[in-house]
Structures are given as structure tokens and as C-alpha cells.
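Enquirer: Could you work out the structure for the sequence below:
(chains A and B)
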Protein chains: 2
Amino acid sequence: MRKLHVVFPVILGLSVLAVNAHAATRDTPSRSAIIKASKPSEWHTLDPANTLYMDLSKGRVVIELAPTWAPQHVANLKTLVREHYFDGTSVYRVVDDFVVQWGDPKAGKPGARSMGKAKKTLPPEFVRHVNGSLPFVKLDSPDAFAPEVGFSGDFPVGRDPANHTAWIAHCYGTVGVSRDVAPDSGNSNTLYAVIGNARRIDRNLAVVGRVVRGMPLLSSLPRGPRDNMGVYHDLKRATPIRRVRLASDLPKDKRVPLEIMRTDSASFRRLVHAMAHRHDAFYKTSPGHIGLCAVVPPVRLIPKTQRKRSPSPTSKH
Amino acid sequence: MRKLHVVFPVILGLSVLAVNAHAATRDTPSRSAIIKASKPSEWHTLDPANTLYMDLSKGRVVIELAPTWAPQHVANLKTLVREHYFDGTSVYRVVDDFVVQWGDPKAGKPGARSMGKAKKTLPPEFVRHVNGSLPFVKLDSPDAFAPEVGFSGDFPVGRDPANHTAWIAHCYGTVGVSRDVAPDSGNSNTLYAVIGNARRIDRNLAVVGRVVRGMPLLSSLPRGPRDNMGVYHDLKRATPIRRVRLASDLPKDKRVPLEIMRTDSASFRRLVHAMAHRHDAFYKTSPGHIGLCAVVPPVRLIPKTQRKRSPSPTSKH
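Expert: Model (predicted):
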């Protein structure tokens, strides 16, 4: 297949230049080369107590939760998950170039399923206060939506030094809590994931995490009608959700052994630099910067030889 | 259905606040309100000689060509279209959060279909020289990938005053020409459309236009395998392309009567301002800026009472 990639008139992806025999050693390293050269200590495993598995008929969506960013929304979400609230609900809204949304289509209306012990309203947790313990790997890139951008733990974030706030940015895969007009009306019974340009809603909704595996299961769903804000007129078109579970509530051998490259590692810095300053046989022009949402921290199955390690502290951020 | 939108815990879209009875008059106007208040002269029709219809089994994708940005690539593409080169080809590559790609999967290999009178190689047309006749409506937003951004005619563009170049940005819906490693290896027989974060390839490929209608037909296609750069292993999974035609080669009554809001109009300025400074019952925090790719010039079917007008000059840009 390698030959195919070079002969084919394709847009060369980030990985293909690793197989390009013509690439001189001074070329910018590829994403796969940087990952290959990284050390085991530059990765951390997901914290099972803050990892959700959402099982659809076609596969599993893995969501890393962000408890320090929206603690009450995440806690309420865990309560709902443990009550099996989402089992049998569906992905019923798909807005092209924006978001997919899931939960009980009847939520807030007659016939809605019970939320059990979960709270019905929660205080807005749209931004958080920046304190000394908040990790922040600054990205040296101009951004339209935030005075400063970078990574905090595994999440792409915006930061405003003027008022000491920070927030998870609505990049591809970001998971947030839908709400009504009232800022306290979100309660985690209805969630969305970003599939397109959605930064314009930054700081106006509570973000509870990020899809780290399985986005294609959501991004390729049929779009809902514009005249109904993307909600399928016929809910039979909605994609059933078999079940949602916390990884820590499953036996260890049923969990997905994933690890994420630490954003405070040298390899991640190298990746960001390579994307911003890319020069090689294919890419001749580089802007010297890279957009926040264009940088996705690498995620992979933990190499089998290393599956004994426990989560590192950064997984809590 | 209106009630549903307000009661539902949804992420309120750009249009819903028009139906929110609580919205005070000082609220930022919604996209639909701005469109409704616009004048007919603030829109222009598509130039049929620079509009492609790509017909899939599920519907039509409409592409506005950009002849002043990549004249030779657009001319070669028109030659191929008039030879019916694309009829019976397919969309055979779908890379999540990046691009979909179409054409003859065998292009450049044994068994490829004939390109007829079209050229096999073309000079790179990745950027263009900025001269006095190039329209540019500057967007006052920081951008990671370009020193300046804005709109030129109907296209989102980057501009570099230092070297007097400009280029169409790889925003959602941008259509470009795939190529091999050699910069002159693109010839318009293989095209791609942006479905995700793709600005990082700006200035490295020739852009020939933008999808102005029908993106959901492409963006919701099943993703191809990562280990094959998104190219389906089994080409039976590829989406057949029935035919591609220039609108001007179809009888007038078979064309799609579309018009686009002029980016040099007062209504478009109002739309940009409203997106950057949004404040209303739902949105409490606004960055004061809006990202280039977040602003999509409105496209609509021409109101029936106005279908006599001819294309305005800006459609040539």
C-alpha cells in the first residue's frame, strides 16, 4: 500500500512522509515519527473514574471527562450514568458543521425519563478561575476567540489573563452540556459533541470532556433538517445508544487501554513545532503558527509491554 | 415546532433567537433576522459558467468555481467536466476531521480513464498576486494561519501584505485539487472538499472553489480507514458520482437558482459584527472577534419574485 500513497494524487496526510524515501533528514519530522520517537513517560493513561464509554451499535465512543473544569456538571453526569439514564436514549440531533446531540429526546417534556438522584439545575460552569495549580502549555498562535490559547492537561483551552479565567475550547470532539436559555438550565441529561466550527459558543456552555476515540461514529451520522435545528423529524432516524458506563464500573479487562501524549512533554512540543513550521518534499509554505483546534494530542492503545502503569497525575486536569 | 425549540434543552442555534419572544430589541440581531432585513441588491446570483453540479444518488452538490484564483486548474477542470470525465467516478476517500476526495480511484495508475484534451500537469497556483482589482473585505480577527484574513468575493481568504499574496483558505466546504509530491502534479482530475480542520494545508494546494450547497451529502459519508489514509479498502464502499456538469451546460430551468450575500454589503458586515459581538438571552459572553471559517456567507434560493436578475460582477471573483 505504501507505493499507492506516493503514486496516488492524494493530499498527503501527516503520516505519509514517514514512508517517503525522498524525504531528506532536515525535513520537518512527521507526526508518526514524533510519536515513534517518544518515551513511555511522555504518555499517561486515562483515569477510569473519569472516562465514559458510550456504546452505539457500530462501536464505542470514549470520552475523557474534565472534572476540574465543570465539577458539578461532571458529578451530575456520573450520577446519571450510574443510574443507566442514557441506556436506550439516542443521538437525535446532528447539525452540519456544528454539533451532534444526544440524550432523551423527551427531556424537559411530558414522558421524559426520570433523572433519579441527579439535580435538575446546576450553576453555570462555563469558565473556571485560573489558579497556580492549573497547568497551561501556551500555544504561540493568534486566535480569534481567546486572548491566549494552549493546552491544560489533555484539553485545548482558552485563557483570559485580564480576568483570570480559562475554559475548554469548542474544538473537534469537545463534549458539552446542552441547556435552555437560562444559564442554570443545563444538567448533563443532554450532551453534545463538536463536529465542526463551534468556537463561537466558547464560554457560554459547560464543557464536561472530550471524545478521545470514536469521533467518526458521531461525525458521519446523517445530518438533521435545518428547519428543525438539526433534530430529526422522525426520531426513528436517531442513532440508538445502547449504554453509557464509567470505565471504572467495568472489569479491568473490559476497559479500552488508551494513553494520551502529555501536552507538557518534549514530544508534544516537538509535534506543535512541526505542525507550525512544516517543510518537506510536499509542504513548501508554512505559516509559522498552528491553530489551537488543529493540534490534537495523540491517543493510542497502550503498547502491550507497558500495560501495568497507572494513571499519571495530569489525567486529573 | 417553535415551542419545542425553547422548551428543549438544546444548544440554541443562530436562528432560534428570532423566535424567542423574550429577546429584547437591544439583543444582537440573529442571522435569520439580518438575512430577512437585507436588500435584494446585497445578493448576487451564481455565474452559471463557473458553477458545477455534482450529482450523487442522494442529491446535488453545488460548487462555485474560483477562476481568478487558480485559472489553469479551473480551466482544466472545466475541460474534464465537459468530457464527462467525472461521470461514473466516486468519492472514495474520507478522512475524519479533514477532507473527502473524489475522482477516478485509478487516476495515475494502469487502467485510469482518459483525460482527453485536459493537461496532465499544471503550474502551481497555490497563491495569487494581490493587485488593485482584488476585492478584500478585511476581517478584524487574529488568525493562526495568515497575517490577514477576510473575504474576497464569495471566498474566505488569507493575505500576506509582506509579499503581496493571497489565497483561498481551507475552511469548511473549500474545494481543492489533490496532487502528488511534485508541485505541478495536480491536474484537477482528483478533487477534495474540506470537512474539518484543514487550514494547515493553506498555500500548499490549488483551490478551485467552494461548495455552496449540499455539504451534508459529503460530510456525513462513512470515514475511510486511518491505515489507508482514509481511502476505502473496498472501493464498493465509495459513493458513486452520477455526473458532474457546468450549470451553463444545462437548460435554464434545470439550474438551481441560488444567490449569495455579497461580502461587501452592509448586511454582511452586520452579520460579521453580530457574530463577533453576540449578546442576547442565551449568549452572555462574546469574544469581540469571530474566526474566518466560522463566517459562512449566506446562500439561499432566489425568491421567486426576483428570478430575472443576472449575475453581478462580484461573482467573477
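
Enquirer: residue in chain A nearest to chain B?
Expert: Going by CB to the nearest CB, chain B is nearest to residue A:142 of chain A, at 3.5 Å. In this view, the C-beta of every residue, glycine as well, is placed from N, C-alpha and C.

Enquirer: just checking, residue A:78 is part of a helix?
Expert: Yes. Counting by DSSP: H, G, I helix; E, B strand; the rest coil, residue A:78 is part of a helix.

Enquirer: Now do the helices in chain A.
Expert: Using DSSP state H, the helices of chain A run over residues A:2-7, A:31-37, A:71-82, A:215-219, A:266-276.

Enquirer: Could you dump those into TSV with distance to chain B added?
Expert: Shown next, in TSV, are the helices of chain A (distance: least, CB to the nearest CB, whole Å):
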stretch	distance to chain B
helix A:2-7	6
helix A:31-37	11
helix A:71-82	13
helix A:215-219	4
helix A:266-276	6
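
Enquirer: Make CSV out of those and add distance to residue A:116.
Expert: Converted to CSV, the helices of chain A look like this (distance: least, CB to CB, whole Å):
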stretch, distance to residue A:116
helix A:2-7, 51
helix A:31-37, 42
helix A:71-82, 7
helix A:215-219, 26
helix A:266-276, 40
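
Enquirer: just those: most buried one?
Expert: Comparing the helices of chain A by mean neighbour count (mean count of other CB atoms under 10 Å in any protein chain shown), helix A:215-219 comes out on top with a mean of 23.

Enquirer: Next, the residue of chain A closest to chain B: phi, psi?
Expert: The phi/psi pair for residue A:142 (degrees, to the nearest 10) reads phi -60, psi 150.

Enquirer: contacting residues for it?
Expert: A:289, B:142-144 (CB atoms under 8 Å, 6 or more residues apart in numbering or on different chains).

Enquirer: Kindly state the pLDDT recorded for the closest residue to residue A:27 other than its chain neighbours?
Expert: Of all residues not flanking residue A:27 in the chain, residue A:280 sits nearest, at 3.9 Å (CB to CB, 6 or more residues apart in numbering or on different chains). Looking at residue A:280, its pLDDT is 93.

Enquirer: Identify the bridge partners of residue A:43.
Expert: Beta bridges link residue A:43 to residue A:261 when assigned by DSSP bridges.

Enquirer: how many neighbours does it have?
Expert: Residue A:43 is flanked by 25 other residues according to other CB atoms under 10 Å in any protein chain shown.

Enquirer: my guess is it contacts residue A:264, does it?
Expert: No. Look at residue A:43 against residue A:264 with CB atoms under 8 Å: they stay out of range, at 11.8 Å.

Enquirer: quick one on the thing from earlier: just put the contacts of residue A:142 in TSV and tack on distance to residue B:248.
Expert: Shown next, in TSV, are those (distance: CB to CB, whole Å):
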residue	distance to residue B:248
A:289	40
B:142	40
B:143	35
B:144	38
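
Enquirer: got the contact list for the residue lying closest to residue A:248 once chain neighbours are set aside?
Expert: What sits nearest to residue A:248 in space, not counting adjacent residues and going by CB to CB, 6+ apart, is residue A:48, at 3.9 Å. Listed by CB under 8 Å, 6+ apart, the contact set of residue A:48 reads A:246-248, A:255, A:311.

Enquirer: let's see it at 10 Å
Expert: By CB atoms under 10 Å, 6 or more residues apart in numbering or on different chains, residue A:48 lies in contact with A:246-250, A:252, A:255-256, A:311, A:315.

Enquirer: got it, and residue A:195?
Expert: Residue A:195 sits next to A:94-100, A:172-173, A:211, A:215, A:218-221, A:223, B:96-97, B:195-196, B:219-220 when contact means CB under 10 Å, 6+ apart.

Enquirer: One more: residue A:57?
Expert: A:217, A:239-242.

Enquirer: which ones among those residues are found in strands?
Expert: Counted as lying in strands by DSSP state E, out of the contacts of residue A:57, are A:239-242.

Enquirer: In the stretch 151-300 of chain A, what residue spans correspond to strands?
Expert: Under the criterion DSSP state E, counting those that start in this stretch, the stretch 151-300 of chain A contains strands at A:155-160, A:165-168, A:174-177, A:190-194, A:206-213, A:239-246, A:258-261, A:299-301.

Enquirer: Mind putting those into a markdown table with mean pLDDT?
Expert: Shown next, in a markdown table, are the strands of the stretch 151-300 of chain A (pLDDT from 0 to 100):
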| stretch | mean pLDDT |
| --- | --- |
| strand A:155-160 | 98 |
| strand A:165-168 | 98 |
| strand A:174-177 | 98 |
| strand A:190-194 | 98 |
| strand A:206-213 | 98 |
| strand A:239-246 | 98 |
| strand A:258-261 | 98 |
| strand A:299-301 | 97 |
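
Enquirer: hang on, residue A:99 packs against residue A:218?
Expert: Yes. Residue A:99 is within contact range of residue A:218, at 9.4 Å (criterion: CB atoms under 10 Å).

Enquirer: between the two, what contacts are shared?
Expert: A:175, A:192-195.

Enquirer: Just confirm residue A:33 contacts residue A:274, I think it does.
Expert: Yes. With contact defined as CB under 10 Å, residue A:33 reaches residue A:274; the gap is 8.8 Å.

Enquirer: Show me where chain A dips below the pLDDT cut-off.
Expert: Scanning chain A for pLDDT under 70 picks out A:1-25, A:308-317.

Enquirer: Let's check: the centremost residue of it is which one?
Expert: Nearest to the mean C-alpha position of chain A, by CA atoms, centre = their mean, lies residue A:210 at 2.6 Å.

Enquirer: before we move on, back to that, distance to residue A:56 added to the strands of the stretch 151-300 of chain A, as TSV?
Expert: Formatted as TSV, the strands of the stretch 151-300 of chain A follow (distance: least, CB to CB, whole Å):
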stretch	distance to residue A:56
strand A:155-160	24
strand A:165-168	24
strand A:174-177	15
strand A:190-194	12
strand A:206-213	12
strand A:239-246	6
strand A:258-261	18
strand A:299-301	19
